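Q: Just need the structure, nothing else, for what follows:
(chains A, B, C and D)
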Number of protein chains: 2
Amino acid sequence: MTTPAPIRILVVDDEPQIRSALDVNLRARGYAVDLAESGEEALHRAAAHHPDLVLLDLGLPGIDGIDVVRGLRGWTAVPIIILSVRESEADKVAALDAGADDYVTKPFGMNELLARLRATLRRHQPEAPQPTVRTDDFVIDLAAKRVMRGEDDVHLTPTEWAIVEYLARHAGRLVTQRQLLQHVWGPQYESETNYLRVHLAAIRKKLEPNPSQPRYLITEAGMGYRFEL
Amino acid sequence: MTTPAPIRILVVDDEPQIRSALDVNLRARGYAVDLAESGEEALHRAAAHHPDLVLLDLGLPGIDGIDVVRGLRGWTAVPIIILSVRESEADKVAALDAGADDYVTKPFGMNELLARLRATLRRHQPEAPQPTVRTDDFVIDLAAKRVMRGEDDVHLTPTEWAIVEYLARHAGRLVTQRQLLQHVWGPQYESETNYLRVHLAAIRKKLEPNPSQPRYLITEAGMGYRFEL
DNA sequence: TTCGGGCGTAAAGATGCCGTTAAGACGTCT
DNA sequence: AGACGTCTTAACGGCATCTTTACGCCCGAA
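A: So this is what the prediction gives:
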């Protein structure tokens, strides 16, 4: 298991104190921070570094903040939170309709900003990639709970699927009978090894090219089973 | 192109003037509005009607607003915008971390609220990258919340639509009864599998060419259902 | 070689789930 | 308040699945 990559946040503000305050607070929470002090620099750094979220001050010298929002929205859906001293409704409406995700009025509390930041990031999390286990003869789609053998799919009963899934998630490793029994049937089933024999036979009949001589679902006599890729 | 279904908004507030003001303004913008004046009613109506967005007052009699957020987040990802007189950072942080999407302090400008509402709804669109799901026999228009079978459209009840939509958005994957029950009826309905049997029968009667031998809405005995394209 | 434990296979019975139907409850409009 | 659409609830037959039992094989140990 690798450590997750830090979430990258681009902070855009022309006031050095605010940049610094955000930098310190965000780094303290484990975010990676990139800083920009103008709209041009913001667009440039966003294109170069692809941040996971943008904190954007509206009152920038040069390009207006709203135009930064439009510039970003032209090519990316990165979440944008506006920081601004402007309290007027018109400004908020314009920023939000330009594509900003949230609007926080300065001065703001750091805890509120962090909470809004978490809320925004939470919404933008992409779905985890769907794991599949492939062999030469069939494909196990763990997310769809489905097994494909060539073009047509193989129908597994609930118990059969539970066994296959557990073995596939521990592919290559030896799984003891007790592990399987407890995972599929519950803690009190420790010694009903005949269940396993019966169901393994059914599974092999459906998945193995030659069920009587298993290639994938290997029996380790006296110990358990092993799913060989 | 068919007329898109109106966006349904659930307004939760115990003050009649605010309910009424929101009701009028939202209807004027073409939203369909559902009203609730307590947390209990909010949870109940949300489960019954599946709104597209919830406007929630924190200062409710009975259940606290935060608990309403938690109650909803237990089973649905519907966007929630908090309306509150409480300005303290702690309240905002608590609400956002409980799963709210935005926080607006009363008194608020109607235009700002509408802009935040649009921004929140826009953000939730990416969840529907495919507006239509097509089979040989019918077309599911996820945006318009409508099903067309050939030329004429099939009328689905709210519950039926909720089931079809969930299955269509997870096309090909196996959806457990528990997933469906929690998404359609709420968290406390984990074991009422007879609901599913009854409604699936009704849906099949409307969509399947041969309802007694389903081609699209496949039952996986003991596990759940699968929408086969 | 003989014996016994562990395993694979097959088939029959038991179990629980699913589809179907219909009636009553509920909520929402006119 | 009444009528309509919709949801809930219960009952039942049919069927998929699981359990249980029996038997034969293989292989290592005596």
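
Q: which of the residues in stretch A:85-99 are buried?
A: Within stretch A:85-99, the residues that count as buried by 16 or more other CB atoms under 10 Å in any protein chain shown are A:86, A:89, A:91-96, A:98-99. Using the backbone N, CA and C atoms, a C-beta is placed for each residue, glycine as well.

Q: cool, and stretch A:150-164?
A: Buried, per 16+ other CB under 10 Å, within stretch A:150-164: A:153-154, A:156-157, A:159-164.

Q: That stretch: how far from the chain's middle?
A: 26 Å (CA atoms, centre = their mean, to the nearest Å).

Q: Could you see whether chain B lies near that stretch?
A: Yes. Residues of stretch A:150-164 contacting chain B under CB under 8 Å from any CB of the partner chain: A:155, A:157-158, A:161.

Q: A:V175 looks like it's in a helix, true?
A: No. Applying DSSP: H, G, I helix; E, B strand; the rest coil, one finds A:V175 to be strand, outside a helix.

Q: where does chain A have low pLDDT?
A: Low-confidence segments of chain A (pLDDT under 70): A:1-4, A:126-130.

Q: can you give me the helices in it?
A: Along chain A, counting by DSSP state H, helices occupy A:16-28, A:39-49, A:65-73, A:89-98, A:110-124, A:158-169, A:177-184, A:193-207.

Q: Tell me what angle the third one forms with helix A:89-98.
A: Think helix A:65-73. Counting by axes from the mean of the first three to the mean of the last three CA atoms, to 10 degrees, helix A:65-73 lies at 10 degrees to helix A:89-98.

Q: of all the residues of stretch A:150-164 next to chain B, which two lie farthest apart?
A: A:H155 and A:P158 (11.1 Å; CB to CB).

Q: Show me what from chain A comes close to DNA strand C.
A: A:177, A:193-194, A:196-198, A:200-201, A:204-205, A:211-212, A:214, A:219, A:221-223 (CB under 7 Å from any atom of the strand).

Q: If we check DNA strand D, which of these are in contact?
A: Near DNA strand D, by the rule CB under 7 Å from any atom of the strand, you find A:194, A:198 out of the residues of chain A next to DNA strand C.

Q: Name only those of the residues of chain A next to DNA strand C that count as buried.
A: Of the residues of chain A next to DNA strand C, these count as buried by 16+ other CB under 10 Å: A:177, A:196, A:200, A:204, A:211, A:214.

Q: coming back round to it: how about the helices of chain A, which one is nearest B:L22?
A: helix A:89-98 (16.3 Å).

Q: So which elements touch the closest one?
A: Using 3 or more CB pairs under 8 Å, 6 or more residues apart in numbering or on different chains; DSSP states H and E, the elements in contact with helix A:89-98 are helix A:65-73, strand A:80-84, strand A:102-105, helix B:110-124.

Q: and the ones you listed, which is most packed in?
A: strand A:80-84 (a mean of 24; mean count of other CB atoms under 10 Å in any protein chain shown).

Q: now the angle from it to helix B:110-124?
A: Going by the same axes, to 10 degrees, strand A:80-84 makes 160 degrees with helix B:110-124.

Q: now check strand A:80-84, is it near chain B?
A: No. Applying CB under 8 Å from any CB, one finds strand A:80-84 separated from chain B by no less than 10.0 Å.

Q: just stretch A:123-141 next, same as before
A: Yes. Residues of stretch A:123-141 contacting chain B under CB under 8 Å from any CB: A:R123.

Q: Contact distance from chain B - what residues of chain A qualify?
A: A:77, A:79, A:89-90, A:92-93, A:96-97, A:99-103, A:109, A:111-112, A:114-116, A:118-119, A:122-123, A:143-146, A:155, A:157-158, A:161.

Q: rerun that using 7 Å as the cut-off
A: A:77, A:89, A:92-93, A:96-97, A:100-102, A:109, A:111-112, A:115-116, A:118-119, A:123, A:143-146, A:157-158 (CB under 7 Å from any CB of the partner chain).

Q: give the contact list for the nearest residue to A:A119 once chain neighbours are set aside.
A: Spatial nearest neighbour of A:A119, excluding adjacent residues (CB to CB, 6 or more residues apart in numbering or on different chains): B:L96 at 4.4 Å. Going by CB atoms under 7 Å, 6 or more residues apart in numbering or on different chains, B:L96 touches A:115-116, A:118-119, B:103.

Q: Kindly report the same for A:L35.
A: A:11, A:19, A:23.

Q: One more: A:N111?
A: B:89, B:93.

Q: Now with 10 Å, please.
A: Going by CB atoms under 10 Å, 6 or more residues apart in numbering or on different chains, A:N111 touches A:25, B:89-90, B:92-93, B:96.

Q: How much space separates it from DNA strand D?
A: Plainly put, A:N111 is 40 Å away from DNA strand D if you go by CB to the nearest atom of the strand, to the nearest Å.

Q: cool, A:E89 as well?
A: 39 Å.

Q: neighbours around the closest residue to that residue other than its chain neighbours, how many?
A: Leaving aside its chain neighbours, A:E89 sits nearest to B:G109 (4.3 Å; criterion: CB to CB, 6+ apart). When counting by other CB atoms under 10 Å in any protein chain shown, one arrives at 14 neighbours for B:G109.
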